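> Mind looking at a prediction? Sequence and model below.
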Amino acid sequence: MKTVLTIAGSDSSGGAGIQADIKTITAHGLYAMSAITALTAQNTTGVYGIMEVTPEFLANQLDCIFKDIYPDAVKIGMVSSAALIEVIADKLKEYKAAHIVVDPVMVSTSGSRLLAEDASKTLIKTLIPLAQVITPNIPETEVLCKMDIKNAGDMEQAAVKIAEFTKGAVLVKGGHDLNDANDLLYEAGTFEWINGERIENPNTHGTGCTLSSAIACGLAKGDTLSDSVKAAKEYISGALRAGLNLGHGSGPLNHMFRI
Ligand SMILES: Nc1ncnc2c1ncn2[C@@H]1O[C@H](COP(=O)(O)OP(=O)(O)OP(=O)(O)O)[C@@H](O)[C@H]1O
Ligand SMILES: Cc1ncc(COP(=O)(O)O)c(N)n1
């Protein structure tokens, strides 16, 4: 049984965070472990509270997991402070973790900041360099490479800039009204466009969490990064087409969408 560890925040509404990750990993037939970085009080209309775990407690969770069920892949989602980012980076190095997917969660779809202002530098310096792939959305890409992104050419330029501070690959995700949900994978100096059809569905809460967890599943199974991203794209598109409709805001996806 292949295993995937998610290191992320808890989303009380079940649509994003570790809840999205565990559902996605389970739907892919793999076993999910989770180390929680923060509890959030949130629903489809917004984030109403964040309570971080201490760095010591996060380290304890990671020790418990790595010493007992060694993950075949690791997905990192919301990590709200520099101190927690540093603990994760130290533990990933200590345990020589492989197939690390970093989803640089900064702001929720509902507009709440999930990464402290001063923590972006730590994310760039200590965690992103450990990733096999990072999966920023357009706003996150703009923060990481300090440039506006208005079209596909900007996405390519941004991917090259971000690649300067990571040995891994960069998946700049489309969506966010930029284009027809076409994503760009930049790996070892090569661009690969992974195109998608824009699906008119207001319920996109957790799409990034779901995609990055699905990518980690592919890597855990030994698939190439390109194949893992393409399979994850199929998965997220299918989940969006399934059209789950819950809550009064931007609702969750249908994570138990069977591949
Ligand atoms: N309306 C849509 N139709 C089809 N694909 C979409 C749509 N919106 C997003 N996607 C796809 O979903 C995946 C996640 O992209 P998105 O930009 O939503 O990430 P995100 O903003 O990080 O997600 P999250 O809401 O979890 O933070 C990408 O592959 C993107 O192309
Ligand atoms: C715990 C947690 N992690 C990640 C997100 C981002 O998801 P979205 O951008 O869909 O709000 C979130 N809202 N909550």
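Right, received. Where do you want to start? Ligands and ions are numbered 1, 2, ... in the order given.
> Local confidence estimate at the residue of the stretch 101-250 of the chain found nearest ligand 1?
As assessed by C-beta to the nearest ligand atom, ligand 1 sits closest to Gly208 within the stretch 101-250 of the chain, at 2.3 Å. Glycine gets a C-beta too; all of them are placed from N, C-alpha and C. pLDDT for Gly208: 95.
> That one contacts Asp103, doesn't it?
Yes: using C-beta atoms under 8 Å, Gly208 makes contact with Asp103 at a distance of 5.7 Å.
> Now the residue of the stretch 101-250 of the chain closest to ligand 1: phi and psi?
phi -70, psi -40 (degrees, to the nearest 10).
> I'd like the distance between it and Ile36.
18 Å (C-beta to C-beta, to the nearest Å).
> now Thr109
Separation of Thr109 from Ile36 (C-beta to C-beta) stands at 20 Å.
> Which residue is the nearest non-sequential neighbour of Ala8?
Nearest non-adjacent residue to Ala8, counting by C-beta to C-beta, 6 or more residues apart in numbering: Gly77, 3.1 Å away.
> got the residues of this structure near ligand 2?
8-11, 16-17, 40, 42, 77-78, 105, 108-110, 114, 205-206, 208-209 (C-beta under 6 Å from any ligand atom).
> ok, now with 5 Å
Residues of the chain lying close to ligand 2 by C-beta under 5 Å from any ligand atom are Gly9, Asp11, Ala16, Gly17, Thr40, Met78, Val105, Ser108, Thr109, His205, Gly206.
> can you list the residues you listed in a markdown table and add secondary structure and neighbour count?
As requested, these are exported to a markdown table (DSSP: H, G, I helix; E, B strand; the rest coil; neighbours: other C-beta atoms under 10 Å):
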| residue | secondary structure | neighbour count |
| --- | --- | --- |
| Gly9 | strand | 29 |
| Asp11 | strand | 26 |
| Ala16 | coil | 30 |
| Gly17 | helix | 29 |
| Thr40 | strand | 24 |
| Met78 | coil | 26 |
| Val105 | coil | 26 |
| Ser108 | coil | 21 |
| Thr109 | coil | 19 |
| His205 | strand | 29 |
| Gly206 | coil | 30 |
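> Show me the subset of the residues you listed that also lies near ligand 1.
Within the residues of the chain next to ligand 2, those near ligand 1 by C-beta under 5 Å from any ligand atom are Thr109, Gly206.
> any idea which of the residues of the chain next to ligand 2 is least confident?
Per-residue pLDDT puts Thr109 lowest of the residues of the chain next to ligand 2, at 79.
> for it, what are its contacts?
For Thr109, the contacting residues are Thr204, His205, Ser250, by C-beta atoms under 8 Å, 6 or more residues apart in numbering.
> Please report how far the residue of the stretch 101-250 of the chain closest to ligand 1 lies from Phe191.
21 Å.
> before we move on, what about Glu197?
20 Å.
> who has more neighbours, these two?
The neighbour count for Glu197 versus Phe191, taken as other C-beta atoms under 10 Å, is higher for Phe191 (13 against 10).
> and the residue lying closest to that one once chain neighbours are set aside, what pLDDT?
Distances taken as C-beta to C-beta, 6+ apart put Glu156 closest to Phe191, at 5.8 Å, once the chain neighbours are dropped. We have a pLDDT of 96 for Glu156.
> From ligand 2, how far off is Glu156?
Distance of Glu156 to ligand 2, given as C-beta to the nearest ligand atom, to the nearest Å: 24 Å.
> quick thing: my sequence starts at 563, can you match it?
Okay, using 563 as the starting number, the last item reads as Glu718.
> Could you pull out the helices in this structure for me?
579-589, 617-628, 644-656, 681-684, 700-707, 714-725, 769-782, 787-804 (DSSP state H).
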